[in-house]
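Visitor: I would like to see how this sequence folds:
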Amino acid sequence: MKRVWMMIPLILLTGCLEKDITKLDVKMVNAKGDSVGKVKLQEVSSGIKLTFDLKGLPSGEHAVHIHDKGECKKPDFKSSGKDLNPDEKEHGLLHPKGSHAGDLRNIIVEDDGTVKAEIMAANLTLKEGKKTLIKKDGTTLVIHEEKDDGMTQPEGDAGDRIACGEISKEK
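Guide: Purely as a prediction, here's the structure:
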């Protein structure tokens, strides 16, 4: 009987830990469905740190957005929805009225198609709440063919979606 009572706190603690996710890996695919690597998401005090380790992308500067649907249907990734925008703001990190929560800074892909970078998604979380990435309909991480100009509505004149990854605690 003592063993049963000793296990109850452990069971309760384990249940609580499952709700508070602090790290996730997002597997990224291109329009053909081929893997281009992964992005690690980690909860930090100021939001979510995204660590990119990707290959097979076109060189140059590319927009990165978090989208409000959790699906990456090839080849155009339109199923990923629009930029995540729980506060109903305008698009663009340079917009004077504030930006979508899903607006992130651009990444630079090297000439060999690789990118290793860290960027922040400020004021977002992996925990429950209005600004969580773990939603009923899911969310996605999307890379566009062009850079985000920081102002143009609705996606910064960033062009087509060329890579996508579903953000989910189950994956």
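
Visitor: now the residue nearest the centre of the chain, nearest residue through space, not along the chain?
Guide: In the chain, the residue lying closest to the centroid (Cα atoms, centre = their mean) is residue 141, at 3.8 Å. Spatially, and ignoring its direct neighbours in sequence, residue 141 is nearest to residue 165 (4.6 Å; Cβ to Cβ, 6 or more residues apart in numbering). C-beta coordinates here come from the backbone N, C-alpha and C atoms, glycine included.

Visitor: ok, which stretches of the chain are strands?
Guide: Remark: strands assigned in the chain by DSSP state E are 23-30, 35-44, 47-54, 60-62, 64-67, 107-109, 115-122, 139-144, 161-167.

Visitor: what residues are up against the residue nearest to the centre of the chain?
Guide: 26, 28, 39, 50, 64, 65, 66, 67, 164, 165, 167 (Cβ atoms under 8 Å, 6 or more residues apart in numbering).

Visitor: can you list those in TSV and add neighbour count and pLDDT?
Guide: Below are the contacts of residue 141 laid out as TSV (neighbours: other Cβ atoms under 10 Å; pLDDT from 0 to 100):
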residue	neighbour count	pLDDT
26	21	96
28	26	98
39	25	98
50	21	97
64	25	96
65	25	94
66	24	92
67	27	92
164	26	98
165	26	97
167	24	94
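
Visitor: wait, which of those is closest to residue 56?
Guide: Set against residue 56, the nearest of these by Cβ to Cβ is residue 28 (9.6 Å).

Visitor: in terms of contact, does residue 144 touch residue 65 like I think?
Guide: Yes: counting by Cβ atoms under 8 Å, residue 144 touches residue 65, with 7.2 Å between them.

Visitor: quick one: common contacting residues for these two?
Guide: Common neighbours of residue 144 and residue 65 (Cβ under 8 Å, 6+ apart) are 155, 158.

Visitor: returning to what we had before: dump the strands of the chain to TSV, plus distance to residue 75.
Guide: Converted to TSV, those look like this (distance: least, Cβ to Cβ, whole Å):
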stretch	distance to residue 75
strand 23-30	9
strand 35-44	14
strand 47-54	18
strand 60-62	17
strand 64-67	16
strand 107-109	19
strand 115-122	21
strand 139-144	13
strand 161-167	9
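
Visitor: for those, which one sits closest to residue 100?
Guide: strand 64-67 (7.7 Å).

Visitor: for that closest one, packing partners?
Guide: For strand 64-67, the elements it packs on are strand 139-144, judged by 3 or more Cβ pairs under 8 Å, 6 or more residues apart in numbering; DSSP states H and E.

Visitor: Fine by me, we can end here.
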